[in-house]
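Chemist: show me how the following folds:
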Amino acid sequence: MKQIFKELQEQANVRTNLSALRAALKKDRKSRQQLQSFIRENEKLFLGFLEHEDAKTRKNAALLLGDISCQSACSALYHAYEREQTRFVRSAYLEALEQIDVRDLTADFKKQLDKLQKEELTDENRKHTEEEIRILRRILLQYEGISKHTFDKKQEKNRLLLTVDKNQRETVRNRTGGKVHPLGVIVETDHLESVLPVRTYRELLFPVPVKVLLDADPVKAASGVCKQMLALCRKYHSEQEPFYFRIECRSKQELEKRSVFTKRLAAELEKLSFGMLLNSTSYYEVELRLYADKTGRFFPALKFSSLQDNRFSYRKNTISASIHPSTAAQIMELCAPYLKENALVLDPFCGVGTMLVERDLRVPALEMYGTDIFGVAVNGARENAELAGTAIQFIRRDFFEFEYEYPFDEIITNMPVRGKMTKDELNGLYENFFRKAKKHLGESGVIIMYTQELGFVKKQLRLHRQFKLLMEHCMQEKSGFYLLVIGV
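Modeler: Model prediction:
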């Protein structure tokens, strides 16, 4: 670091040394503190690099000042941006300004944004002009936010896509009267609010009514979806403000190719919609989902954040091992014939309590207990249960040390995943689980188990003849998750 500082003071290898300092910043906090002190002591030196004859040196200097959020460089950065004639350097000044407080410059940024939006795009200027526009919008959105839209739930002729794993589609179809679709279930209804409370779908999307699947070419794709996308946005929102959107592309394309495709598609949508659709990855109300088929063409659907999903609002706390609440709801729906009203229920690996909450919402229980050795999870479970309005006793204790004087009607659990456990450790876990479950379950009790280890379960069922497999349902084929109902 000292050698780099010395060479910079001597104006030697400036571009290379500035780049080296940026790399060092990413490694540790100590480098950041050293650099901040050096820049404060040599501020004129670094501001002078913004006027260097080498374009890449100017770019590196600007980005470096932004990396350390150098507020005192604000005026110099902005004036350098105004003077800059080299296209690929201009966005670097804006990236730096984005990292500091520039609220006093918002009026100037608006004028520049308006100017760039009126500029004719060519093959030569398109990439860098679009990059400038994106960063200017991000800066303005930091201080002004977006104009919120209000979703109209009273609209008729709604066509919805309820996403769900393919093995659970029938459950959602039976509940909604929809039609099976490769991504879930398609529902057509005049009463949107009758579908919203259904707990077994993962997400609610609105298919964009395009004539054919979208082309893999971003210009053609934009032409095929823009008009219909904007019409769908306007159908559910009466405000005349622009719609900020982001694109989520789900395909097997390499990340870099996918990124190039989505950026170009977003820019084309902005142009074709005359600014009524504006791209923003941080501030948005509309998400354009693109699902690739085997030919590489895309099925488009919209997700509106203006449409609140309150089904699982109780779930304030989660941990990495938490089951998705819609999956827990699916489990309870599938095994509903085995759930008893006013039952005594135990979850031995309760986590944040999602399985128990969804169990009680499907069929009310008499008393519910959850045990877990992870204190953060237990504390989160207590808060989640209170928000859900369910009375559950959560105990921070190892299930294998837990004792209770009365037999349970149900043991409901999302079994621990393999993680770093060896096969022997997993075998021991399931062996101990069935031995312990036998002590806690009543004569007609059941185990409702969500597991990724079907083989270990089948082994224990062969060893413990008092248990009988009542139901086996594959929840996710790729990951090998199963729902099992086991009776005494």
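
Chemist: quick one, phi/psi of the residue nearest to Arg87 when sequence neighbours are not counted?
Modeler: Sequence neighbours aside, His128 is the residue nearest to Arg87 in space, at 3.9 Å (criterion: Cβ to Cβ, 6 or more residues apart in numbering). Quick note: C-beta positions are derived from backbone N, CA and C, even for glycine. Dihedral angles of His128 (phi, psi; degrees, to the nearest 10) stand at phi -80, psi -30.

Chemist: over to Leu346?
Modeler: phi -130, psi 130.

Chemist: try Glu367
Modeler: Dihedral angles (degrees, to the nearest 10) for Glu367: phi -140, psi 140.

Chemist: now do the contacts for it.
Modeler: When contacts are counted by Cβ atoms under 8 Å, 6 or more residues apart in numbering, Glu367 touches Leu344, Val345, Ala391, Gln393.

Chemist: tell me which element the closest residue to Val198 other than its chain neighbours falls in.
Modeler: Distances taken as Cβ to Cβ, 6+ apart put Arg175 closest to Val198, at 5.5 Å, once the chain neighbours are dropped. Element membership for Arg175 (DSSP states H and E) is helix 169-176.

Chemist: buried residues in that helix?
Modeler: By neighbour count on 16 or more other Cβ atoms under 10 Å, the buried set for helix 169-176 is Arg169, Thr171, Val172, Arg173, Arg175, Thr176.

Chemist: from the contact counts, what lies against the helix or strand just after that helix?
Modeler: On the C-terminal side of helix 169-176, the nearest following helix or strand under DSSP H and E is strand 179-181. Where contact means 3 or more Cβ pairs under 8 Å, 6 or more residues apart in numbering; DSSP states H and E, strand 179-181 is packed against helix 169-176, strand 184-189.

Chemist: who's in contact with Arg87?
Modeler: By Cβ under 8 Å, 6+ apart, Arg87 lies in contact with Asn125, His128, Thr129.

Chemist: need the max-distance pair from the contacts of Glu367.
Modeler: The distance between the two most remote of these (Cβ to Cβ) is 12.8 Å, for Leu344 and Ala391.

Chemist: tell me how many other residues crowd the residue nearest to Val187 when sequence neighbours are not counted.
Modeler: Leaving aside its sequence neighbours, Val187 sits nearest to Gly178 (Cβ to Cβ, 6+ apart; 3.8 Å). Applying other Cβ atoms under 10 Å, we find 21 residues neighbouring Gly178.

Chemist: Gly178 is in contact with Ser194, isn't it?
Modeler: No - using Cβ atoms under 8 Å, Gly178 makes no contact with Ser194, being 11.8 Å away.

Chemist: for Val180, list the residues it contacts.
Modeler: Contact analysis of Val180 by Cβ under 8 Å, 6+ apart lists Arg169, Glu170, Arg173, Ile186.

Chemist: quick one: the third one from Val187, how far?
Modeler: Plainly put, Arg173 is 9 Å away from Val187 if you go by Cβ to Cβ, to the nearest Å.

Chemist: what do the two both touch?
Modeler: When Cβ under 8 Å, 6+ apart defines a contact, the residues bordering Arg173 and Val187 alike are Lys179.

Chemist: picking that back up, among the contacts of Glu367, which one has the most neighbours?
Modeler: Result: Val345 is most packed of those (other Cβ under 10 Å), 24 neighbours.

Chemist: mind checking the SS state of it?
Modeler: Put simply, Val345 is strand when judged by DSSP: H, G, I helix; E, B strand; the rest coil.

Chemist: please report how far it lies from Gly370.
Modeler: Val345 is 9 Å from Gly370, by Cβ to Cβ.

Chemist: how is the protein carved up into domains?
Modeler: 2-144, 158-304, 325-487 (automatic domain parsing).

Chemist: using the three-state scheme, assign Lys6.
Modeler: Assigned with three-state DSSP, Lys6 falls in the helix class.

Chemist: that one: neighbouring residues, count only.
Modeler: When counting by other Cβ under 10 Å, one arrives at 11 neighbours for Lys6.

Chemist: same question, the one 3 residues further on
Modeler: Neighbouring residues of Gln9 were enumerated by other Cβ under 10 Å; the total is 11.

Chemist: how close does it sit to Thr16?
Modeler: Gln9 is 15 Å from Thr16, where distance means Cβ to Cβ.

Chemist: helices of the stretch 251-400 of the chain, start to end?
Modeler: Along the stretch 251-400 of the chain, the segments classed as helices by DSSP state H, counting those that start in this stretch run 255-272, 325-334, 354-362, 375-388.

Chemist: and the shortest one with helix 325-334, angle?
Modeler: The reference is to helix 354-362. 50 degrees (axes from the mean of the first three to the mean of the last three Cα atoms, to 10 degrees).

Chemist: can you tell me which helices and strands helix 354-362 packs against?
Modeler: Counting contacts by 3+ Cβ pairs under 8 Å, 6+ apart, helix 354-362 packs against helix 325-334, strand 344-347, strand 367-372, helix 375-388, strand 408-414.

Chemist: show residues contacting it.
Modeler: By Cβ under 8 Å, 6+ apart, the list of residues contacting helix 354-362 from outside reads 199, 314-315, 322-323, 325, 328-329, 331-333, 336, 339, 345, 347, 350, 365, 368, 370, 381, 384-385, 388, 390, 392, 410, 412-414, 450.

Chemist: same thing with the second one?
Modeler: By Cβ under 8 Å, 6+ apart, the list of residues contacting helix 325-334 from outside reads 164, 168, 171, 175, 199-202, 311-312, 315, 339, 354-355, 357-359, 361-363, 414, 448, 450, 471, 473, 475, 483.

Chemist: any stretches of the stretch 151-300 of the chain with poor pLDDT?
Modeler: Residue ranges of the stretch 151-300 of the chain with pLDDT under 70: none are present.

Chemist: which strand is the longest one in this structure?
Modeler: Looking across the chain with DSSP state E, the single longest strand is strand 441-451.

Chemist: ok, the residue nearest to Val198 to Asn125 distance?
Modeler: For Arg175, the distance to Asn125 equals 53 Å [Cβ to Cβ].

Chemist: before we move on, the earlier item: looking at the helices of the stretch 251-400 of the chain, spot the one closest to Asn158.
Modeler: Of all the helices of the stretch 251-400 of the chain, it is helix 325-334 that lies closest to Asn158, at 20.0 Å by Cβ to Cβ.
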